[in-house]
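[1] here is the input, now give the coordinates:
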Amino acid sequence: MATTTMAADVARSVVGPDGSVDCLLAPGIDPHSYRPTPRDADRLARADVVVASGLRLEGKLADLLGRLARRVPVVSIGEALPPERLLEAAAGIPDPHVWFDAGLWSLAPGVVAERLAEIEPAAAAGYRQRAGARAERLRAADDEARRRLEEVPRERRVLVTAHDAFRYFGRAYDVEVVGVQGTSTEAEAGLADINRLVELLVTKRIPAVFVETSISDRNVAALREGARARGHAVALGGRLFSDSLGAPGSGAETLEEALSANVAAIVAGLAGGAER
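    Purely as a prediction, here's the structure:
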């Protein structure tokens with residue numbers, strides 16, 4: 001059992017034909033605010049292994065996962081990544097949105113494979129082989145994202161989104177990232193935050209802002225309205241996959257696909273090609 005769509009995507013690629021992976025949170029569900037039900041607790045308790053994104057991305061699930069770890073193996077991907085490569089959301093608190101740095105996330109399959117190999121040594125070779133292949137695909141996606149974003153002039157690479165989920169993305173691909181809300185969607189944006197970002201949009205002549213698939217677009221709409229009132233038309237650059245991968249058939253069911261879709265929207269939006 002995996003908690004988030006990102007964790008499930010990694011787990012499925014490593015497990016392959018040696019097992020099956022269910023995902024607790026459906027595509028489009030915000031893991032920060034999700035409240036587990038008694039049925040969720042039962043599903044997790046009956047799993048052979050639980051794979052979580054970790055770093056408290058699963059805000060209200062985190063305590064349940066902590067208790068569950070006494071009885072069921074829990075692989076928390078974020079906690080196994082090199083701490084020196086993690087960003088802080090606040091003093092001493094790591095930012096959990098690691099997956100959209102595809103180079104960093106390429107370590108995730110190995111984390112899952114090694115834990116599964118401990119649990120089921122007879123299948124270890126298969127886990128490790130598939131993890132290596134998946135890591136290679138993620139590194140290729142990392143290279144492609146960097147190459148595409150270099151098409152946008154450096155001074156126009158300013159990504160304004162609904163919440164601060166893209167700081168790893170910004171660091172990896174040299175994009176300035178500004179979120180209306182903080183790193184958790186549990187934090188509410190105030191009028192001062194909106195006014196500050198409207199000022200940024202107007203003074204830097206930023207051509208587009210972006211909404212996210214897993215959270216409300218209310219604050220982004222307020223930004224566009226505020227900028228329009230100041231005489232600067234801001235386009236809606238597109239809907240980015242942030243705290244969830246896409247639903248089946250969306251073309252964004254894997255991290256590589258979601259990253260590619262996001263990069264295409266960002267390049268088009270910041271190059272001035274989005275609808276106003």
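[2] right, and the helix or strand after the strand or helix carrying E114?
    Assessed by DSSP states H and E, E114 sits inside helix 108-119. Using DSSP H and E, the helix or strand that follows helix 108-119 towards the C-terminus is helix 124-149.
[3] that following helix vs helix 108-119, what angle?
    170 degrees (axes from the mean of the first three to the mean of the last three CA atoms, to 10 degrees).
[4] burial of the closest residue to G19 other than its chain neighbours, as a residue count?
    Taking CB to CB, 6 or more residues apart in numbering, and ignoring the residues beside it in sequence, G19 has D48 as its nearest neighbour in space, at 7.6 Å. From N, CA and C alone the C-beta is placed, and that goes for glycine too. For D48, the neighbour count with other CB atoms under 10 Å is 12.
[5] what's D48 in contact with, if anything?
    Residues in contact with D48 (CB atoms under 8 Å, 6 or more residues apart in numbering) are G19, V72, P73, I119.
[6] any figure for the gap between it and V72?
    Using CB to CB, to the nearest Å, one gets 8 Å for the distance from D48 to V72.
[7] and what of L64?
    To V72, L64 is 11 Å away according to CB to CB.
[8] again, but for E118
    On the measure of CB to CB, E118 and V72 end up 14 Å apart.
[9] just A264 next, same as before
    Distance from A264 to V72, by CB to CB: 39 Å.
[10] got it, and R205?
    On the measure of CB to CB, R205 and V72 end up 52 Å apart.
[11] repeat for I29
    22 Å.
[12] distance between the ends of stretch 194-213?
    With CA to CA, to the nearest Å applied, stretch 194-213 spans 20 Å between its terminal residues.
[13] related to what we said a few turns ago, in the contacts of D48, find the pair that's most separated.
    Pairwise distances across these (CB to CB) peak at 14.6 Å, for the pair G19 and V72.
[14] hmm, back to that, need phi/psi at the residue nearest to G19.
    phi -70, psi -40 (degrees, to the nearest 10).
[15] residue contacts, A162?
    Here A162 is in contact with G179, V180, Q181, F210, V211, E212, I215, S216, D217, N219, V220, S242 (criterion: CB under 8 Å, 6+ apart).
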